[in-house]
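> Okay, here's the prediction I keep looking at, along with the sequence it came from:
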Amino acid sequence: MGDTRPRIALAAAPLAAAAGLPERWLTPAERERADAHGSGDARRRFVAGRLLVRELAAGLFAAPGGPGSLEVRTVCPWCGPGAHGRPELAAGGAAVPVSLSYSRASGWLLVGVGPPGWRIGVDLADAASAAFAEEPGGNPLDDIAYAPRERVLLAALDPGGRPLARARWWALKEALGKALGEGIAGPGGPPAVAGAGRHEALRDPRAVAEQVDAERVGLPGGLVGAAVLLPRG
């Protein structure tokens, strides 16, 4: 019998692809957040990201009204709609029946769309980042972000392969944290995603956890992505 688990639809694009997309797509709340960034690169990255989320997501699920009909909003389970929480798409004031996650890194955006009623998380990491580099005496991030069993697995790798492994596992940790709604610093700290002792959510046979096929979605070399889809409850 084949795999009957739902699939995650993914798309990626450079933030520069947002050039020419109209800022009128932004909601008043998004424009307010954009203005809070000032007039420099931080504002441009925020605006480009929000416009591209609409553009890419609309293509992933064939939004009837096109990308301009979509709103991107965040909803916190405790605080309600606002500047933080789980992202969701809306059209005409009503939630669109899909699950949504997105991530930015090194000038690129990755967007993931899943079925309604599922918790989704995607993340993008740059394996060339100094945060993942191999250093004499070990990477200082290892003791903070990686579980003991993960550190054993890292130590067993050729030093040249450790930055890529760190980046892939970090992206998966971030994606899982988003899907769980806890972020990377949940109650138990960064979740374990490799080896024995993986987070219980990843051991659920219904869960989907995958490394993004960079070539298939058009990511440049060095960028790695991960996507997680979890059932509710």
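All right, it came through fine. Here the structure is a predicted model, which means the values were calculated and not measured.
> Please enumerate the helices of this structure.
Counting by DSSP state H, the chain has helices at residues 28-36, 41-61, 142-145, 148-156, 162-180, 200-203, 214-217.
> Contacts for the third one next, please.
Spelled out, that is helix 142-145. R151, L154, R166, W170, K173, P190 (CB atoms under 8 Å, 6 or more residues apart in numbering). C-betas here are computed from N, CA, C, even on glycine.
> buried sites along that helix?
Within helix 142-145, the residues scored as buried using 16 or more other CB atoms under 10 Å are A145.
> Repeat that for the second one.
For helix 41-61, a neighbour-count test (16+ other CB under 10 Å) marks 44-58, 60-61 as buried.
> Endpoint to endpoint, stretch 205-223 covers what distance?
Stretch 205-223 has its terminal residues 28 Å apart, counting by CA to CA, to the nearest Å.
> Torsion angles phi and psi at the nearest residue to R198 once chain neighbours are set aside?
For R198, ignoring the flanking residues on the chain, the nearest one in space by CB to CB, 6 or more residues apart in numbering is A192 at 5.4 Å. For A192, the backbone dihedrals are phi -80, psi 130 (criterion: degrees, to the nearest 10).
> Quick one: find the helix or strand in the chain with the lowest mean pLDDT.
Lowest on mean pLDDT, DSSP states H and E among the helices and strands of the chain sits strand 80-82, with a mean of 66.
> quick one on the thing from earlier: between the helices of the chain, which gets nearest to A105?
Checking those against A105 by CB to CB gives helix 162-180 as the closest, at 8.7 Å.
> chain center to that closest one: distance?
Offset of helix 162-180 from its chain centre (CA atoms, centre = their mean, to the nearest Å): 10 Å.
> Endpoint to endpoint, stretch 192-205 covers what distance?
Span of stretch 192-205 from end to end, CA to CA: 17 Å.
> Just the mean pLDDT for it, thanks.
Across stretch 192-205, pLDDT averages out at 93.
> tell me which residues in that stretch are buried?
Neighbour counts over stretch 192-205 (16+ other CB under 10 Å) mark A192, V193, A194, G195, R198, H199, A201, L202 as buried.
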